[in-house]
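S.K.: This is a predicted model, with the sequence first.
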Amino acid sequence: MRILFVGAEVAPLAKAGGMGDVIGALPKVLHQLGYDVRILMPYYGFLDDKIEIPSEPIWKSNAMSQEFSVHQTTLPKSNVPLYLLKHHSFAPRRIYGDDEYWRFTFFSNAAAEFAWNCWKPNIIHCHDWHTGMIPVWMHETPDITTVFTIHNLAYQGPGRGFIEHHSWCPWYMDGDNAMAAGIKFAGRITTVSPTYAQQIQTPAYGERLDGLLSYVNQNLVGILNGIDMDVYNPAEDQLIYQTFTPYTLEKRIANKIGLQEETGLEINKEAFVMGMVTRLVEQKGIDLILQILDRFMAHTNSQLVVLGSGDHYYENQLWQLSARYPGRVSVQILYNDVLSRRIFAGSDVFLMPSRFEPCGISQLFAMRYGCIPIVRRTGGLGDTVTFYDPIHQEGTGYCFDHYEPLDLLVCMIRAWEGFRFKADWIKLQQRCMNQDFSWYKSAAEYIKIYKELSGEPGQLTPEEQDKINALIKKNLTWNGNTDESLKEQVIEDQTKHDNEISEQESTETQTDILQETTNVEEVKPESLSSDRTSEVEDTEKEEEKNSNVEQIKLENSSSDLSSLESKNIEKEEEKNSNVEQIKSENTPSDLSSPENKNTEEEGKKNSNIEQIESQNLLPKTNSSEITSLKTGDEKSTMPTENMRATISLSQTNYSD
């Protein structure tokens, strides 16, 4: 089977987001499995610095009255043929620009010409709006069908262009929409996670195309992205400061210290280092972090390193944050593959509180390098990160559901608390690093689609399945020391340290941070409603007031009842003692003066009664309260302030 991948980005040559990782990795896996896979991308001006490209083209043609040529090379670290489509509009040293709609409409038309007249595939696998017009031009071509993958529905192209005079697609909005064209005319539509495939059929996530996506839902399937586990391998990665495996995690500390030195953070191996490698845009939850970070930093030994670029507003806000926390916050406004790997290898946790996330690949890189993800459960984040349960030792990260700053803060507190218990933290790191995030399972799902579209049974052959299983097993075999006794010794040593941690100190820190959260200032008024925080604060105050009243009533009742019973017992014992003394002695003098003895006993009895009345020991409570105290009702034990803070955290609904 012949498969042509067409896209605007191909890692490691040209990458601005996760799409580049997909087009750079999936074809290599398919090639390993015996498929004839090739890639077509624009010949950007900066590619000459990254790869050796023959000067002579293999083919020349015209599209949209413009001449272009195609040069052939090989995708780095593979045997996958790579075609570069050369045109003067791609000569500038950038991937995207102001004229990108025209450039990629031209690129799509030229790609169709290439498939018709140069190398004819059975399947053209198109990616995002940049190639959305290819299914339009190919939908009536015999023997060639298309697969269209949606990486991010929010990006649908900048506007009018080549097809502005065509009206045969009623789903176009505001003129042309290349994304809608690809969805409408492709033989099969895929997106990058099962959850996102469902979400984009709703108005909340559908970006005004939810109606179209619901209409074609029989052709829509979600397949999780993977990562190239050979390239992103901490046991062999020479771009990080120190290689390591899940069983030599003590070596990982060198990466934390190296990252702190490189980014200007204070050198502190005990610091709680949070990392971010992201586009600085609203989608990525930057506003949530800006709203709660001051409170979190004030009460924890935490540090933050951010790598990325995007919205100037968020860039400036993060610059100001780094100025407020020199040595604790480092902001790098750029993208650098080497530094990104060092952040994955040197950070303790990776922040990804996205407003929405089609799949997300950064959390997969983070887990591969033993960096624990803190994510909002949306799209692919919910499909790839499972909720960490420290009691049953299950899950791979810290998750929250609602896009609220308080929810993120609670999640960060839990992660910081977990980090302090090193033995459990090591187990969590090992579980993350041993997850299978390779492309092999995903490739198997794509192969089934390719076969169905080609008229073949949509199943893997036994040989293909055996080969995939063998490759998955190979990916999860770590180089270096894999001695299980070493693993257990590391955990045993850390357990001794964990036992010294004060639970009371932990609870007090949680309480302090959460109490101050009510004073969080908004970064953008539209980003956060204070209703939820106010409701929580009012509820806690009311519960505390009622709790104190009930506790006073119960303590008084318990004290009064206990005092009364104690006095009655003492009085009865004293009376019995005197009677026994009279009987045992049985002397004439005693018998001769019974009236005196009776008089003394009566006096003591009256004295005890007077004492009870004077001390007001009679219970001032009703019968139901006394019954509750006698039967051990739960209300007789009231939580302390610290207990209430802990209960508030534990009752938040973050379970799977």
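M.R.: Yes, it's here. Residues are numbered from 1 along each chain as shown.

S.K.: Using the three-state scheme, assign the residue positioned nearest the centre of the chain.
M.R.: Nearest residue to the geometric centre of the chain (CA atoms, centre = their mean): residue 375, 2.0 Å. With DSSP: H, G, I helix; E, B strand; the rest coil as the basis, residue 375 sits in strand.

S.K.: quick one: it and residue 362 touch, right?
M.R.: No: if you go by CB atoms under 8 Å, residue 375 and residue 362 don't touch, sitting 9.8 Å apart. C-beta: built from backbone N, CA, C; applies to glycine.

S.K.: and the helix or strand containing residue 147, which strands flank it?
M.R.: Taking DSSP states H and E as the criterion, residue 147 maps to strand 145-150. Using DSSP bridges, the strands paired with strand 145-150 are strand 123-127 (parallel), strand 188-191 (parallel).

S.K.: List the buried residues for the longest strand seen in the chain?
M.R.: If you go by DSSP state E, the chain has its longest strand at strand 66-74. Using 16 or more other CB atoms under 10 Å as the test for burial, strand 66-74 gives 68-72.

S.K.: Show me the shaky parts of this protein.
M.R.: Low-confidence segments of the chain (pLDDT under 70): 159-175, 479-656.

S.K.: can you list the domains in it?
M.R.: If you go by automatic domain parsing, the domain ranges for the chain are 2-222, 249-437+483-517, 533-650.

S.K.: Reduced to three states, what does residue 181 come out as?
M.R.: With three-state DSSP as the criterion, residue 181 reads helix.

S.K.: how much space between it and residue 134?
M.R.: 9 Å (CB to CB, to the nearest Å).

S.K.: same deal with residue 237?
M.R.: Distance from residue 237 to residue 134, by CB to CB: 36 Å.

S.K.: Comparing the two, which shows the higher neighbour count?
M.R.: residue 134 (28 against 20; other CB atoms under 10 Å).

S.K.: Next up, identify which helix or strand the residue nearest to residue 459 when sequence neighbours are not counted is on.
M.R.: The spatially closest residue to residue 459, leaving aside those adjacent along the chain, is residue 448, at 6.6 Å (CB to CB, 6 or more residues apart in numbering). Using DSSP H and E, the element containing residue 448 is helix 440-453.

S.K.: Could you do residue 297 as well?
M.R.: Residue 297 belongs to helix 286-299, assigned by DSSP H and E.

S.K.: buried ones in that helix?
M.R.: 286-293, 295-297, 299.

S.K.: Which of those sits closest to residue 275?
M.R.: residue 289 (12.1 Å; CB to CB).

S.K.: hang on, isn't that closest one packed against residue 351?
M.R.: Yes: at 6.5 Å, residue 289 and residue 351 qualify as touching, with contact defined as CB under 8 Å.

S.K.: Spit out the residues that contact those two alike.
M.R.: residue 276 (CB atoms under 8 Å, 6 or more residues apart in numbering).

S.K.: which strand residues sit across from residue 39 in the sheet?
M.R.: Bridge pairing for residue 39 - DSSP bridges - gives residue 5, residue 82.

S.K.: quick one, what contacts it?
M.R.: Contacts of residue 39 (CB under 8 Å, 6+ apart): 4-7, 10, 23, 27, 75, 80-83.

S.K.: same question, residue 11
M.R.: Contacts of residue 11 (CB under 8 Å, 6+ apart): 20-21, 23-25.

S.K.: again, but for residue 380
M.R.: 192-193, 195-196, 224-225, 357-360.

S.K.: Equivalent analysis for residue 26, please.
M.R.: Contacts of residue 26 (CB under 8 Å, 6+ apart): 5, 226, 439, 442-443, 446.

S.K.: repeat that with 7 Å
M.R.: 439, 443 (CB atoms under 7 Å, 6 or more residues apart in numbering).

S.K.: Secondary structure of it: a strand, I assume?
M.R.: No: read with three-state DSSP, residue 26 is helix and lies in no strand.

S.K.: Start at 215, not 1
M.R.: Yep, numbering from 215; the last one is residue 240 now.

S.K.: roughly how far apart are it and residue 420?
M.R.: 26 Å.

S.K.: And for residue 542, the neighbour number?
M.R.: Residue 542 is flanked by 20 other residues according to other CB under 10 Å.

S.K.: coming back round to it: for the strand holding residue 361, what is the distance to the chain centroid?
M.R.: Relative to its chain's centre, strand 359-364 lies at 28 Å (CA atoms, centre = their mean, to the nearest Å).

S.K.: Give me the distance between residue 355 and residue 217.
M.R.: 15 Å.

S.K.: In the contacts of residue 594, which residue is surrounded by the most others?
M.R.: The residue in the contacts of residue 594 with the most neighbours, by other CB under 10 Å, is residue 571 (31 neighbours).
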